[in-house]
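Student: Give me a model of this one.
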Amino acid sequence: MIRKQIVLYLLIFISILHVNAQTTEELIPAGFSEHLPELTSFVDMEAFDTAVFLDSIAKSNQLNLKSSRFAKIFTMNLSPQNAGEWTNTSKGKIWRVAIRSKDAYSIYITCNPFLLNEGVRAFVYAPAFSSLKGPFSSVNNNRFNRLSFPVVSGDVIIVELDVPEGVDYGRFAISKVYHDCSNEFGKSNAMRAKAESDNCTENINCGNGTYWQTEKRTVCKIVSDGQLSTGTLIGNASGTKDAYILTANHTMFDSTHVAEAVYYFNYETETCSSDVINDSQYMTGGSSVAATEPLLDFTLIKLNDTPPLSFRPFYAGWDKRNVTPGGGICIHHPWGAEKQIAIEYHPLQAASFSSAYDLLAFWKVQHWEVGTTQPGSSGAPLFNPEHRLVGTLTGGESECGNAVNDYFSKFALAWNKYSDSRKQLKPWLDPDNTGVEYMDGYDPYGFTTNSCDTAWNFQRTEKLGLSTNGFSWGYLSGHNSAGFTQFAEKFISTSSIQIPGVFINVARAYHSQSLSNIVVKVWEGNAVPVSEKYAKTVFIRNLQSDALNYIGFDSIVKVSGNFFIGYEINYTAPPDTFAVYHTQKPLTDESSSMYVFDGAWQNINSISSAGLSASLGIGITECYGKIQKVSGTHLQVYPNPCTNQFTLNLPQGTSVYGCQCFDLSGRKMNVTLLYSEDTKSVEFNLPDGAYILKLITNTGFMYTKFMVSAGL
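Tutor: Sure thing, here's the model as predicted:
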């Protein structure tokens, strides 16, 4: 009894995936609540040689496509009329059938037909009611009259129909049973384990996923026809809730595959170091609305429903211009594993993949600097550095130890290259014919603080405001005799960010008149503040000195690209004083992100009397986007001197394609450039001495000297 109570609590916990409020009784099978004995007779699948089956799959992939078949399919016709057993209950009757496929890691089924009458519920689970999925009901009926159930662990799956008294169940038959041969839903998957041991995977929730935490919510794992692929929730120019998924046509090439698919959302680890994966957020079924098979290798799917709010869905933005991306980011499910990221920091190339597809219809990633794609990644999105989708993965040579030559079908050509609307993305993603060429992503449920974080241009400590920690204040950041009337902090971004408010680390706030105030402002601009986006008057009497003050905006402010947050001093009484703490060297290694206005905007570094690098004590609440670390105005390396590694501090907008190192006699030395989203570093094993570093960048060659000293 105690064991069953524990299982019951687990079932209640699993039920959070349902949108509508339901009672505990509605969330559990009648077979559990009626304490029915476990089934002892099984419908057994035919035995087969797993190794031979997997070998045949490997040999069939001649085009290096990135789909992953993991299950053998058994065609069946099991219904309440010819299989299983009926049991009368206090509220109606129950039909159950136990299906066994020996040595399967997991099993899932497709029902055709699936057309349940109102009040009838369907469940699938493993023995002892573990791995429970459901309930499914008439709400899941669709025009294809078919439905696949989520995967259940183990080699036995039990299918249950709960039928109320006086109700006919409708139409229901199990048409396919899928035997998992490679443990795609388990941590012991051999190919996944090899990828992890070879260190060629990159978890989306580790460091390199820092700036892609919003976009990761667009990506889903797709299970259909016994194979795995990846898809992307994508937005439309009208900003509606219509749930479209863009994926590869070679995995979802007809309406049957789409209708029988299961879509897993947020299939990822809880943290970078965790091995706990959420597999309870899924949707079933959909319809194919556009595809160009196989010429451009895309399929646009419309789900039967909008993913519920509890899934925290986000719809990806896109760019339909056929413009070469300056880099590429892919978020995907290799081998059906938890969500991963791969990053290419170099410009992509227009390329052809094979004779089966249109010429020059792909973006080619020559080499992934971070991560790699693998089977199961098919259909995954390719984002450009502006965080907009520009392609979907078809295939390539990339694998562990050889992260080269992946091909993504161009979004720009899928838009409207072919005149038939059924072969275009345009009618669905721009239904009102707005003509927009690109757009940012959006939350279908509107703004939510669950997608927000705090961000600063410097590392905050617990002792903000103390000059001994590198913080100071005075005429550089407030009331002054130098003629500064406005102050601003620059934030670097390559995409859009929504800002509901800011933090200001106020050093001094004294007022002699109740109306003395400052005006908090938001500007857009690349080099200096240009376009004012928002202004809010804040009375000094409402600000606290030597404290972190939060200023909430009256409305959400959306900015695109680089932006500035600051304030204008707006008082005249001499005793009144306002100033903000700011960092100064040696606390920061980067150039100044602080700007002042005395008739024209200028960086604090350009003022000879200042002579320091600084960041204002201003932070933001950032939503649906991430700022990037402020960079210097010229190439710097730190620490310098160093022992075996240093970090590059690069001018804004600099992309590094490679590096070389020379000693002072001109002899070339071996060094390795390390890429990541947070930093770019160089590691080496060099004798003590002085060396010249040469960087190959998008703006040409850059040089700097560094010292190596083993005694550091």
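Student: wait, what's in contact with I499?
Tutor: I499 sits next to 522, 553, 556-559, 565, 620-623 when contact means C-beta atoms under 8 Å, 6 or more residues apart in numbering. All C-beta spots, glycine's among them, are computed from the backbone N, C-alpha and C.
Student: are any of those residues buried, and which?
Tutor: The neighbour count (16 or more other C-beta atoms under 10 Å) marks 522, 557-559, 565, 620-623 as buried among those.
Student: what about E118, how many neighbours?
Tutor: By other C-beta atoms under 10 Å, the residues close to E118 number 11.
Student: again with A356
Tutor: A356: 11 surrounding residues under other C-beta under 10 Å.
Student: sorry, back to before: go through the buried ones among the contacts of I499 and name the one nearest W95.
Tutor: Nearest to W95 out of the buried ones among the contacts of I499 is C623 (C-beta to C-beta; 48.2 Å).
Student: Any regions of the chain where pLDDT drops low?
Tutor: Applying pLDDT under 70 to the chain flags residues 1-25, 61-62, 186-198, 459-475, 572-574, 584-591, 608-613, 632, 712.
Student: three-state assignment of V139?
Tutor: The local conformation at V139, judged by DSSP: H, G, I helix; E, B strand; the rest coil, is helix.
Student: Check the secondary structure at the spatially closest residue to A412 that is not a sequence neighbour for me.
Tutor: Spatial nearest neighbour of A412, chain neighbours left out: N322 (3.9 Å); criterion: C-beta to C-beta, 6 or more residues apart in numbering. The local conformation at N322, judged by three-state DSSP, is coil.
Student: ok, N322 - contacts?
Tutor: By C-beta under 8 Å, 6+ apart, the neighbours of N322 are 410, 412-413.
Student: Can you get me a residue count around K680?
Tutor: Neighbour tally, K680, other C-beta under 10 Å: 20.
Student: now do K423
Tutor: There are 17 residues near K423, going by other C-beta under 10 Å.
Student: If we ignore the residues flanking it in sequence, what's nearest it?
Tutor: K423 sits nearest to T292 (C-beta to C-beta, 6+ apart), 4.3 Å away.
Student: The one you found contacts N416, correct?
Tutor: No - taking contacts as C-beta atoms under 8 Å, T292 lies outside contact range of N416: 10.5 Å.
Student: Quick check: end-to-end length of stretch 294-313?
Tutor: 29 Å (C-alpha to C-alpha, to the nearest Å).
Student: Buried ones in it, by neighbour count?
Tutor: For stretch 294-313, by 16+ other C-beta under 10 Å, it's 294-301, 303-304, 306-308, 311-313.
Student: cool, stretch 232-242 as well?
Tutor: 232-237, 242.
Student: any residues touching it, and which ones?
Tutor: 217-220, 243-247, 300, 302, 306-307, 313-318, 379-381, 389, 392, 428-432, 434, 436, 439, 441-442, 444-445.
Student: Just the buried residues of those.
Tutor: 217-220, 243-247, 300, 306-307, 313-318, 379-381, 389, 392, 428-430, 439, 441-442, 444.
Student: phi, psi of S274?
Tutor: phi -80, psi 150 (degrees, to the nearest 10).
Student: right, I mislabeled it, should have said K216
Tutor: The phi and psi values for K216, taken as degrees, to the nearest 10, are phi -60, psi -30.
Student: Spatially, what comes nearest to it if we skip its sequence neighbours?
Tutor: Distances taken as C-beta to C-beta, 6+ apart put I204 closest to K216, at 5.0 Å, once the chain neighbours are dropped.
Student: Just say helix, strand or coil for N526.
Tutor: Counting by three-state DSSP, the backbone at N526 sits in coil.
Student: Wait, it touches F563, no?
Tutor: No - if you go by C-beta under 8 Å, N526 and F563 don't touch, sitting 9.7 Å apart.
Student: Pick out whichever of these two has more residues nearby.
Tutor: Taking other C-beta under 10 Å, N526 and F563 do not tie; F563 has more neighbours (28 against 12).
Student: Do I have it right that that one meets K521?
Tutor: No - counting by C-beta under 8 Å, F563 stays clear of K521, with 10.6 Å between them.
Student: show me what contacts the closest residue to Q349 other than its chain neighbours?
Tutor: Ranked by C-beta to C-beta, 6+ apart and with sequence neighbours excluded, the top spatial neighbour of Q349 is K364, at 4.4 Å. The contact partners of K364, by C-beta under 8 Å, 6+ apart, come to 348-351, 405-408.
Student: and what of A173?
Tutor: Neighbour list for A173: 77-79, 111-113 [criterion: C-beta under 8 Å, 6+ apart].
Student: Of those - the most surrounded one?
Tutor: Going by other C-beta under 10 Å, C111 tops the contacts of A173 with 26 neighbours.
Student: so how far is A579 from it?
Tutor: 69 Å (C-beta to C-beta, to the nearest Å).
Student: picking up where we left off before, now the contacts of I499 in CSV, with secondary structure?
Tutor: Below are the contacts of I499 laid out as CSV (three-state DSSP):
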residue, secondary structure
V522, strand
F553, strand
I556, strand
V557, strand
K558, strand
V559, strand
I565, strand
I620, strand
T621, strand
E622, strand
C623, strand
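Student: Counting neighbours, which bits of stretch 635-645 end up buried?
Tutor: In stretch 635-645, counting by 16+ other C-beta under 10 Å, buried: 635-637, 642.
Student: Sort out for me which of these are in strands.
Tutor: Cross-referencing the buried residues of stretch 635-645 against strands under DSSP state E gives 636-637.
Student: now the buried residues of stretch 635-645 in TSV, with distance to N141?
Tutor: Below are the buried residues of stretch 635-645 laid out as TSV (distance: C-beta to C-beta, whole Å):
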residue	distance to N141
L635	62
Q636	63
V637	63
C642	65
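Student: which residues in the stretch 401-550 of the chain form helices?
Tutor: Along the stretch 401-550 of the chain, counting by DSSP state H, counting those that start in this stretch, helices occupy 411-416, 426-429.
Student: which of those is buried the deepest?
Tutor: helix 411-416 (a mean of 22; mean count of other C-beta atoms under 10 Å).
Student: can I see the domain layout of the chain?
Tutor: As assigned by automatic domain parsing, the chain contains the domains 30-180, 201-439, 451-623, 636-708.
Student: picking up where we left off before, residue contacts, the residue nearest to K423?
Tutor: Residues in contact with T292 (C-beta under 8 Å, 6+ apart) are 249, 298, 414, 417-418, 423.
Student: do L161 as well
Tutor: L161 touches 80, 94-96, 120-122, 169, 172, counting by C-beta under 8 Å, 6+ apart.
Student: Look up the residues forming beta bridges with it.
Tutor: W95, A122 (DSSP bridges).
Student: So what sits opposite G395 in the bridge?
Tutor: The partner residues for G395, given DSSP bridges, come to L65, Y407.
Student: Kindly provide the distance from it to F298.
Tutor: The spacing between G395 and F298, counted by C-beta to C-beta, is 14 Å.
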